[in-house]
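Participant: fold the following, please.
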Amino acid sequence: MYRICIADDEVYVQKSIIQRIANSGLDMEVVGTAANGFEALALYEEESPDIFFVDINMPVINGLDFIEKVRKQRNAVDTQFVIISGYDDFAYMKRAIRLGVVNYIKKPILQQEFQEMLLEIEQKLSEKRGRERPHSQKSAGTWSEFMEQGRAERMTGSLILVWKTMAQDAAEEFLSALRKTEHTQWQAVTFGKEMPDICILFLEGELLREQELDKICRAGPFCEGNKVLYWSGKNQHPEEMLIGMEALLNLRFYGETAQVMRYREPERERLSVMYDAFESALETGQEELCREALGKIWNTVFGDRKYVYLIKQVYQSVLLVLANKYMKYDIPLPIQIRKGLFPFAVCRYQNKKELTDELVEYAGELNQKIVLASSGCDLVDKVVRYMEQYYREDISLSELAATFFVVPTYLARRFKEKKSCTVMQYLEDIRLRKARELLENSRMSIQEVALLVGYKDQNYFARSFRKVYGMSPREYRNLNG
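Facilitator: Now for the predicted structure:
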């Protein structure tokens with residue numbers, strides 16, 4: 001059984017997450033909730049849960065500050081933190097990644113995305129529980145765990161980055177070869193399912209000889225189509241090393257095929273890239289124009305290897321153009337675009353064509369969603385049918401929006417455009433029509449009628465009825481019964 005806590009100041013969000021967890025069929029239980037950051041800290045100290053869902057914009061202490069405080073107060077934090085946000089903000093996402101947050105989900109929460117996220121976390125926790133940690137052979141951890149072990153400032157030792165399809169298997173082969181040498185205390189660091197092709201091997205406190213590494217790589221399974229980056233030194237910042245290694249790994253876009261490269265700080269170049277043409281192509285919805293605009297951007301970047309350091313920056317800038325368009329139309333941002341902020345996100349692509357094709361695909365998906373959002377007809381009809389069926393239930397705009405996987409402001413605007421009234425006005429009209437039918441054709445009491453059509457307060461029901469029909473429910477029955 002995995003224990004879960006939730007921190008969110010909106011009660012309906014807490015209830016939604018609790019219900020989704022219950023419906024997941026997984027061996028998980030919600031053991032506590034908090035409405036602000038102060039309560040969240042107290043709840044964490046009391047429960048130390050396996051998973052903690054945290055809203056960014058909580059009162060008193062915001063979500064990211066809460067996570068940071070937890071990590072500072074405890075030397076080791078095993079809890080898997082998941083951020084909940086009402087909007088997409090790349091600065092928030094970057095800080096969340098630095099804090100070791102395992103996922104970043106946007107309200108309203110998409111059920112499929114939520115279910116997939118729970119399954120990923122469950123698998124990760126299961127592996128962690130079943131993992132043995134003998135002193136002489138450290139098991140694989142995550143980059144966030146690696147950084148928590150006192151290395152956030154400086155590190156000394158040897159670091160090897162392995163990039164290969166199925167890097168987990170490659171790492172095991174590589175570790176086996178390395179442990180046959182005089183250096184046995186290797187730690188494997190991975191980046192999860194988002195980047196399965198990347199693995200880092202770290203030898204703490206010892207400086208590996210480059211000749212020794214070169215011999216292992218060329219004799220083992222890494223001599224064909226694989227890349228290994230090697231670095232050895234004292235008092236270096238690990239995140240800076242990671243950025244530099246990522247840049248060197250991207251040399252494959254320029255046709256270089258070296259299997260073993262020693263890390264050297266790349267020269268930082270400035271590059272003026274214009275994204276206006278791509279943004280304009282998005283507005284037209286034409287795939288060829290999007291491909292042409294992206295082609296011009298990447299031709300500039302890939303025209304000279306001195307720009308290798310800027311590939312990730314340009315890639316994320318293109319994603320930001322897409323993200324801004326999603327936000328303009330109040331459409332939830334897909335998880336694959338958010339994952340573009342993770343380390344080594346560009347390493348998923350083998351070549352320039354793969355990279356461009358996927359970005360064009362993202363643009364096509366966005367265009368389809370914009371077309372659907374612009375019409376809004378199907379959505380409004382579905383909402384009307386839903387209210388006709390469940391008008392007796394306690395329905396709110398926020399819950400309706402979550403049910404149909406849209407944001408409340410978008411639903412409200414589309415509904416008003418088509419029906420010339422608000423969602424809640426339309427719901428009340430349904431309830432009052434049903435009440436009128438019951439008053440005409442049944443002998444139920446006024447209170448029973450009110451409850452049956454969704455009104456918990458009989459007085460409010462009477463006022464609403466009089467406002468529409470010009471008389472009280474009792475007067476209407478006497479006149480039409």
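
Participant: pLDDT below threshold where in the stretch 301-450 of the chain?
Facilitator: Low-confidence segments of the stretch 301-450 of the chain (pLDDT under 70): 330, 341, 343, 371-377.

Participant: which residue ranges of it form helices?
Facilitator: Using DSSP state H, counting those that start in this stretch, the helices found in the stretch 301-450 of the chain span residues 311-328, 335-338, 352-375, 377-390, 397-403, 408-419, 423-441, 446-452.

Participant: let's check: the centremost residue of this structure is which one?
Facilitator: In the chain, the centroid-proximal residue (Cα atoms, centre = their mean) is Tyr104; its distance is 3.4 Å.

Participant: my read is that residue is in a strand, agree?
Facilitator: Yes: assigned with DSSP: H, G, I helix; E, B strand; the rest coil, Tyr104 falls within a strand.

Participant: list the beta-bridge partners for it.
Facilitator: Ile83 (DSSP bridges).

Participant: quick check: the gap between it and Leu242.
Facilitator: Separation of Tyr104 from Leu242 (Cβ to Cβ, to the nearest Å): 20 Å. Any C-beta I mention is one placed from the backbone N, CA and C, and that applies to glycine too.

Participant: how about Arg436?
Facilitator: Look at Arg436 and Leu242: by Cβ to Cβ, they are 67 Å apart.

Participant: swap in Leu397?
Facilitator: 44 Å.

Participant: over to Pro332?
Facilitator: The spacing between Pro332 and Leu242, counted by Cβ to Cβ, is 30 Å.

Participant: okay, the two: which has more neighbours?
Facilitator: Comparing Pro332 with Leu242 by other Cβ atoms under 10 Å, the one with more neighbours is Pro332, at 21 against 18.

Participant: surely that one touches Phe405?
Facilitator: Yes: using Cβ atoms under 8 Å, Pro332 makes contact with Phe405 at a distance of 7.0 Å.

Participant: what's the angle from the host helix or strand of Glu288 to helix 352-375?
Facilitator: If you go by DSSP states H and E, Glu288 is part of helix 287-301. Relative orientation of helix 287-301 and helix 352-375, computed by axes from the mean of the first three to the mean of the last three Cα atoms, to 10 degrees: 140 degrees.

Participant: could you pull out the buried residues of stretch 435-451?
Facilitator: Of the residues in stretch 435-451, 435-436, 438-439, 446, 449-451 count as buried by neighbour count, 16 or more other Cβ atoms under 10 Å.

Participant: those strands in the stretch 1-150 of the chain, which residues are they?
Facilitator: Here the stretch 1-150 of the chain has its strands, by DSSP state E, counting those that start in this stretch, at 2-7, 28-34, 51-55, 80-85, 103-106, 141-142.

Participant: hey, which of these is tucked in deepest?
Facilitator: Mean neighbour counts were taken over the strands of the stretch 1-150 of the chain using mean count of other Cβ atoms under 10 Å, and the top value, a mean of 26, falls to strand 51-55.

Participant: next, the angle from that strand to strand 28-34.
Facilitator: Using the same axes, to 10 degrees: strand 51-55 against strand 28-34 is 40 degrees.

Participant: which elements pack onto strand 51-55?
Facilitator: Contact analysis of strand 51-55 by 3 or more Cβ pairs under 8 Å, 6 or more residues apart in numbering; DSSP states H and E lists strand 2-7, helix 37-47, helix 63-73, strand 80-85 as its packing neighbours.

Participant: may I see the buried residues of the second one?
Facilitator: Buried residues in helix 37-47, counting neighbours by 16+ other Cβ under 10 Å, are found at 37, 39-41, 43-44.

Participant: just these now: which is nearest Leu479?
Facilitator: Closest approach to Leu479 among the buried residues of helix 37-47 (Cβ to Cβ): Glu39, at 53.8 Å.

Participant: quick check: the nearest residue to that closest one once chain neighbours are set aside vs Met387, distance?
Facilitator: Sequence neighbours aside, Ala7 is the residue nearest to Glu39 in space, at 7.2 Å (criterion: Cβ to Cβ, 6 or more residues apart in numbering). Remark: distance between Ala7 and Met387 (Cβ to Cβ) = 31 Å.

Participant: so Lys339 makes contact with Leu333?
Facilitator: No: between Lys339 and Leu333 there is no contact under Cβ under 8 Å: 10.7 Å.

Participant: need the pLDDT of Leu41.
Facilitator: At Leu41, the model reports a pLDDT of 90.

Participant: and it, how far from Arg414?
Facilitator: Leu41 is 40 Å from Arg414, by Cβ to Cβ.

Participant: likewise for Val449?
Facilitator: Applying Cβ to Cβ, the value for Val449 to Arg414 is 32 Å.

Participant: could you do Met1 as well?
Facilitator: In this view, Met1 and Arg414 are 42 Å apart by Cβ to Cβ.

Participant: need the contact list for Tyr275.
Facilitator: Residues in contact with Tyr275 (Cβ atoms under 8 Å, 6 or more residues apart in numbering) are 297, 317-318, 321.

Participant: list the contacts for the residue nearest to Asp55 when sequence neighbours are not counted?
Facilitator: Using Cβ to Cβ, 6+ apart and skipping residues adjacent in sequence, the residue nearest Asp55 is Asp8, 4.0 Å away. Taking Cβ under 8 Å, 6+ apart, we find Asp8 in contact with 14, 17, 33, 35, 53-55, 58, 84.

Participant: nearest to Asp304, out of those residues: which one, please.
Facilitator: Once Cβ to Cβ is applied, the member of those that ends up nearest Asp304 is Ile84, at 42.5 Å.

Participant: distance of the closest one relative to Pro332?
Facilitator: Ile84 is 13 Å from Pro332, where distance means Cβ to Cβ.

Participant: what sits in contact with each of those two?
Facilitator: Counting by Cβ under 8 Å, 6+ apart, the common neighbours of Ile84 and Pro332 are Lys106.

Participant: still on that earlier bit, any chance of the helices of the stretch 301-450 of the chain in JSON lines, with distance to Tyr469 too?
Facilitator: Compiled in JSON lines, those are given as follows (distance: least, Cβ to Cβ, whole Å):
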{"stretch": "helix 311-328", "distance to Tyr469": "42"}
{"stretch": "helix 335-338", "distance to Tyr469": "49"}
{"stretch": "helix 352-375", "distance to Tyr469": "34"}
{"stretch": "helix 377-390", "distance to Tyr469": "20"}
{"stretch": "helix 397-403", "distance to Tyr469": "25"}
{"stretch": "helix 408-419", "distance to Tyr469": "20"}
{"stretch": "helix 423-441", "distance to Tyr469": "7"}
{"stretch": "helix 446-452", "distance to Tyr469": "13"}
